[in-house]
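Fold the stuff below for me.
(chains A and B)
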Amino acid sequence: MRKKISPYFIVGSIFLLVIVLSCILGLLGVGPDPEKTNSASKLMAPSMSHLMGTDNLGRDVFARVLSASKYTLLISFAGVTVALVIGTVAGMLAGYFGGIWDRIIMLLGNSVMCFPGILLALVAVAVSGPSLFNVIWALGLVFAPTFARVYRTEVIKIKGRDYILHARILKVNPIRIMAVHIFPNAFAQIIPAIVIGLANMTLSESAMSYLGLGVQPPKASYGKILSDAQSYITAAPWLVIFPSLMLVIYILGLYFISEGIRGDK
Amino acid sequence: MKERITYILSRVLELILTLLLVSLFTFAAFSVIPGDTAQTILGPNATPEQVEILREKMGLNDPLAFRYLSWLKGAFTGNFGNSISFNSSVSSLIVSRLPVTFGLSLLALILVLVISYPSAVISSRRPGKFWDQVFSVFGHVSFAIPPFVLSLLSVLLASKVFGYFAVGKYVSPAKDFGGYLYCLLLPAFCIAVPKIAMTFKFLRASILTEKNNDYVRTSKSRGLSDIKIMFKHILPNSNVSVITALSIVLSDLLGGSLIVEQVFNLPGLGRLLLQAIGRRDFPLLSGIVFYLATMMVIIYFLADILMNMCDPRLRRNRGEL
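Take a look at the predicted model:
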C-alpha cells in the first residue's frame, strides 16, 4: 500500500503550515503589539526592525499580519463548520427521503445559490450589523447549499447498497441509518469539498472585510488590512503586497491540498 | 416533442417558485431588521406624530403579508419604490448603474471564453506534456487570487511600472465607447482571471473525456485530421457540460464585479449597493438584491433549457441524480 504522495499535497501542506505557524505566532504575541500606534514611525519601508514595514498609523505590518491570520483562519473554519452542519442535515434528509422533502430542500438551496457571489452574505451582515459572529453565520448559511448538494448525491449513491437495504429490512430507525451507516461512508467524499469550501470561504470573507462588512476594528483579517492599505498603495506598496501574499498562500495551499487528495484516488 | 414541452413547463414552474422564494428571502431579510424606516428618513429630531404620519403613508402599519404582496407586485412590474437617500426611484438608480456592472461582467465573460478555449484545446492535445503543465500551473495559481487582490496589485503595477492605465476613471459609453471599453478592460480582466482558470480546468477535463470515446477513434480511422475532429466532434460535445459551468461563472463574475468596482472606483451596482448599506437605505438595497438575483435565476433557467436543447441524452436519463 505504498502510494506516492502527490506533489500538490506536499506543496499545499507547506503553504498551509506557513499560515498556521503565523497564526500560532500571532496567538503567542511574538513581536510588537499589532494595535500599538506610533506617530514617529509612519509608513516605514520593510527593514530589520519592521520586517514588513509599518502602516499609516505606525503599526507594525508583520505583527498585524500575524494577528490577522488568526481571524482569517477562525472565520474560515467556523464558517465551514456551520455550513457543513446545515448542509449535512439538509443533504441527508433530501437524499434519503427523496420525494417532496428533496424538492423542498433543493428548491430552498437553489434559491440561496441564485444570489450572485457573496451578495446574500453581504446583505445579511449589513442588516444584522457587522461583527465576527454575524460574518460567520452569514457565510455559513450561504455556503450550506453547496455541501447539501454534495451530500445529497453521495447519499443517493449509498442508499441503494445492500447493507442499507438490510438495515431497512430490519426496521432500523432512519435517523440511525443516516447517522451510523450513511454519514461515515459519505464523509470521505466530502473532504475535498470541505477543503475547497475553506478556500472559497476565505475568498468571500476577505472580500467582505475589504468592503468594510467583515470583522470590525481593532480586529483585522487579511481583507481588512488590505482595505486599510488601499489609500497608501503607491506610497507604501508593502502594505498591500505582504497581506495579499499571505492571503494567496493560504488559498493556494488549500487548493493544492484538495487537488492532491483528489489525485490520490 | 411532448416530453420536451412537459420538461420546459416544469422548469418554468420551478423558475416561478424560485423567484417567489428569492423575493420572500429578500423581503424577509429587510423586515426583521431593528429600527424604523420612517424614523430613519425623518431623522432623530422628528416628533412621534410626524413619524406616525409617514409610517401610515409608506404603508408600514399594514400587516406584514399585505406589505409583502404589495412589494412583490411592485417588484415584478419593475417598481421598487423610492430610494430614501437618493431622492429618486430605485429602478432608475439601478438602470443608471447597469452599463458598468453588466459591461464589466460581459467583458469578463468574453475574456474568459477567448482565453480559456484556446488554452484548453492546446492543453488537451498532449496531456501531461509541456504546454499542459504550463497552463495547469498558471490555472492553479490564478484560481487562488481573489479578484480584489489582483485589482489592488494591478493598480499598483499600472501606476508604478506602466505609468498609466485608466485607473479610477470612467467614461460613459454614450459619450465615448472606446474610452468606456478602455476603462473597463483592466477591471474586467481582474474579475475574469480566476474564472478563466475554472473554465479552463472544466473544459480540459471535458475534452479529455470526450477524446476517449469511440467516435473519435472512428473518425481518426476514417482519416480525419486532428483539428477537424477537435472542432467538429469533440468541442460541440464538450460545450454541453461547459454551459452549466458558464452559468456559474457568470454569477461569480457578477459578484466579482460588485467588489472590483470598489477598487477601481467605478460607478456600478456594487458602489450603489455599498452606498445603500452605508446609508441604511433598505428600499434601494432590497431592490438591487432582488434585481440581481432575478437576473441570475433567469440566466440559470436559460442555461438549463439551452443544455437540454443541445444534448438529447439528458432528456432521457434525467432522474434521481
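
what's around the residue in the stretch 101-250 of chain A positioned nearest to chain B, how many residues?
At 1.6 Å from chain B, A:Gly117 is the closest residue in the stretch 101-250 of chain A, using CB to the nearest CB. Yep, even glycine has a C-beta here, placed from its N, CA and C like the rest. Residues near A:Gly117, counting by other CB atoms under 10 Å in any protein chain shown, number 24.

gap between B:Leu157 and A:Ala235?
15 Å (CB to CB, to the nearest Å).

same check, this time on B:Asn308
From B:Asn308 to A:Ala235 the distance is 55 Å (CB to CB).

now stretch B:274-294: mean pLDDT?
In this model, stretch B:274-294 has a mean pLDDT of 85.

got the CA coordinates for it in PDB?
Provided in PDB are the C-alpha atoms of stretch B:274-294 (Å, rounded to 0.1, in the frame of the first residue of the first chain):
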ATOM      1  CA  LEU B 274     -22.400  49.800  -0.600                       C
ATOM      2  CA  GLN B 275     -23.800  53.300  -0.500                       C
ATOM      3  CA  ALA B 276     -27.300  51.800   0.200                       C
ATOM      4  CA  ILE B 277     -25.800  49.700   3.000                       C
ATOM      5  CA  GLY B 278     -23.900  52.700   4.400                       C
ATOM      6  CA  ARG B 279     -26.900  54.900   4.400                       C
ATOM      7  CA  ARG B 280     -29.200  52.100   5.600                       C
ATOM      8  CA  ASP B 281     -31.400  52.700   2.500                       C
ATOM      9  CA  PHE B 282     -33.300  49.500   2.600                       C
ATOM     10  CA  PRO B 283     -35.800  50.100  -0.200                       C
ATOM     11  CA  LEU B 284     -32.800  50.600  -2.500                       C
ATOM     12  CA  LEU B 285     -30.900  47.700  -1.100                       C
ATOM     13  CA  SER B 286     -33.700  45.200  -1.500                       C
ATOM     14  CA  GLY B 287     -34.300  46.500  -5.000                       C
ATOM     15  CA  ILE B 288     -30.700  45.800  -6.000                       C
ATOM     16  CA  VAL B 289     -30.600  42.400  -4.300                       C
ATOM     17  CA  PHE B 290     -33.800  41.300  -5.900                       C
ATOM     18  CA  TYR B 291     -32.900  42.600  -9.300                       C
ATOM     19  CA  LEU B 292     -29.500  40.800  -9.300                       C
ATOM     20  CA  ALA B 293     -31.000  37.500  -8.000                       C
ATOM     21  CA  THR B 294     -33.700  37.600 -10.600                       C
END
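
on that earlier part again, so which of B:Asn308 and A:Ala235 has more stuff around it?
B:Asn308 (18 against 9).

Do I have it right that that one meets B:Tyr7?
Yes - using CB atoms under 8 Å as the test, B:Asn308 is close enough to B:Tyr7 to be in contact (6.5 Å).

Now do the contacts for the residue in the stretch 51-200 of chain B that chain A sits nearest to.
Nearest residue of the stretch 51-200 of chain B to chain A, counting by CB to the nearest CB: B:Ala144, 3.9 Å away. Counting by CB atoms under 8 Å, 6 or more residues apart in numbering or on different chains, B:Ala144 touches A:Ala199, A:Val248, A:Ile251, A:Leu252, A:Tyr255, B:Pro194.

Going toward the C-terminus from the strand or helix carrying B:Glu261, what's the next helix or strand?
If you go by DSSP states H and E, B:Glu261 is part of helix B:235-264. Going down the chain from helix B:235-264, the next helix or strand is helix B:269-278, by DSSP H and E.

Packing partners of that next one?
helix A:119-128, helix B:90-125, helix B:235-264, helix B:282-310 (3 or more CB pairs under 8 Å, 6 or more residues apart in numbering or on different chains; DSSP states H and E).

Figure out how far the third one is from the centre of its chain.
When you say that, I think you mean helix B:235-264. 6 Å (CA atoms, centre = their mean, to the nearest Å).

Is it positioned near chain A?
Yes - if you take CB under 8 Å from any CB of the partner chain as the test, helix B:235-264 does meet chain A, through B:Ser251, B:Asp252, B:Leu254, B:Gly255, B:Gly256, B:Leu258, B:Ile259, B:Gln262, B:Val263.

What does the pLDDT read for the closest residue to B:Val297 other than its chain neighbours?
Closest residue to B:Val297 apart from its sequence neighbours, by CB to CB, 6 or more residues apart in numbering or on different chains: A:Cys114 at 4.9 Å. For A:Cys114, the pLDDT comes out at 82.
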